[in-house]
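**Q** sharing a model that was predicted from the sequence below.
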Amino acid sequence: MRRVAVHITIAAALVLAVTMRAGAATPPEVRVLGARAVSAERAESILRANGFPGDRAVRALQDEYFRSGRLFAAVSVQMEADSSFTVMVEEGPTARVRRVRVSGASHVAPAVVQRELGLDPGAPFDPSRLTRRIESLLSRYDADGYPFAQVWMDSVAVDPDSAAVDIGFYIVEGSPRDIASVVVEGVRKTKPALVAKISGIEPGTPYRSQVLEDAYLRLVSSGVFTDVGYPTVRMSSGGAGVDAVLRIDEPQRSHSFAAALGYAQS
């Protein structure tokens with residue numbers, strides 16, 4: 001629940017319209033009062049970058065407060081007699097976590113998920129930090145062999161009287177996968193089987209994100225290719241495993257490979 005109070009007088013709009021028609025390059029003078037969690041300088045920068053005194057600028061500042069956990073911040077704009085603007089910010093209290101529900105998690109226990117997300121009861125509710133924590137949790141699943149895990153925030157309830165937030169998550173873990181095949185893209189002269197051999201990825205190997213990292217380092221350190229994209233995985237055609245996808249750019253000059261240990265220029 002977010003409250004935005006925006007007061008821009010008709011006179012302010014007329015002044016802005018006349019200024020735009022006159023082609024004046026001088027932006028309106030802005031004073032930001034009441035900003036603490038977001039500095040006044042930062043608030044003014046956000047407003048100007050988003051077309052102040054338009055509504056979009058006020059929404060952008062409101063979103064900045066929301067991302068920092070100030071769900072109850074209110075912003076109002078007043079045009080002064082000298083045609084300058086005063087922006088008043090009422091930041092309100094910091095929202096804090098009250099209850100968390102985690103469903104669908106089994107490989108990682110629900111209590112561990114909550115801890116990994118940094119959502120202990122009483123902790124500040126910081127949406128931007130939560131986004132990073134979710135990415136970290138997905139990386140953990142990927143490292144453990146669950147490449148298609150998903151984290152959904154399926155409910156958020158905000159109590160404005162106590163500034164408390166109740167959050168619900170649904171985890172789609174999927175299942176651990178084996179690497180069914182190695183797919184090589186971007187090669188024209190090099191045999192895909194040789195690229196796969198250099199990568200060290202063996203079909204039938206249980207998938208772990210470390211497998212892709214090791215393959216990437218082997219391909220880069222081989223010195224054979226102009227550029228190596230970071231390996232990815234996709235669902236195999238049968239759906240039971242994953243395909244490891246290697247994207248390679250070859251040198252412009254022609255080379256012929258001499259066995260698996262190196263290559264010789266022709």
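**A** Perfect, I can see it now.
**Q** please work out the average pLDDT along the longest helix along the chain.
**A** Ranked by residue count, the top helix of the chain under DSSP state H comes out as helix 127-143. Helix 127-143 carries an average pLDDT of 95.
**Q** and if you look at stretch 202-216?
**A** The predicted model assigns stretch 202-216 a mean pLDDT of 97.
**Q** tell me the buried residues in it?
**A** For stretch 202-216, a neighbour-count test (16 or more other C-beta atoms under 10 Å) marks 207-209, 211-212, 215-216 as buried. C-beta coordinates here come from the backbone N, C-alpha and C atoms, glycine included.
**Q** next: stretch 226-240.
**A** 228, 231, 233, 236.
**Q** helices of the stretch 1-150 of the chain, start to end?
**A** 10-22, 40-49, 55-67, 110-116, 127-143 (DSSP state H, counting those that start in this stretch).
**Q** could I get the ones you listed as TSV with mean neighbour count?
**A** As requested, the helices of the stretch 1-150 of the chain are exported to TSV (neighbours: other C-beta atoms under 10 Å):
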stretch	mean neighbour count
helix 10-22	12
helix 40-49	16
helix 55-67	18
helix 110-116	16
helix 127-143	16
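**Q** show me where pLDDT drops low in this structure?
**A** 1-25, 252-266 (pLDDT under 70).
**Q** hey, where'd the strands end up in it?
**A** 30-33, 74-79, 85-90, 96-103, 150-159, 164-172, 179-185, 227-228, 232-235, 242-249, 255-258, 262-265 (DSSP state E).
**Q** list the helices and strands the shortest one packs on?
**A** I take that to be strand 227-228. Packed against strand 227-228 by the contact rule (3 or more C-beta pairs under 8 Å, 6 or more residues apart in numbering; DSSP states H and E) you find helix 209-222, strand 242-249.
**Q** quick one: it to chain centroid distance?
**A** When C-alpha coordinates are averaged (C-alpha atoms, centre = their mean, to the nearest Å), strand 227-228 and its chain have centres 25 Å apart.
**Q** swap in the fifth one?
**A** On the basis of C-alpha atoms, centre = their mean, strand 150-159 is displaced by 17 Å from the centre of the chain it belongs to.
**Q** so Val97 touches Val165, yeah?
**A** Yes - the pair Val97 / Val165 is scored as a contact, 5.7 Å apart, by C-beta atoms under 8 Å.
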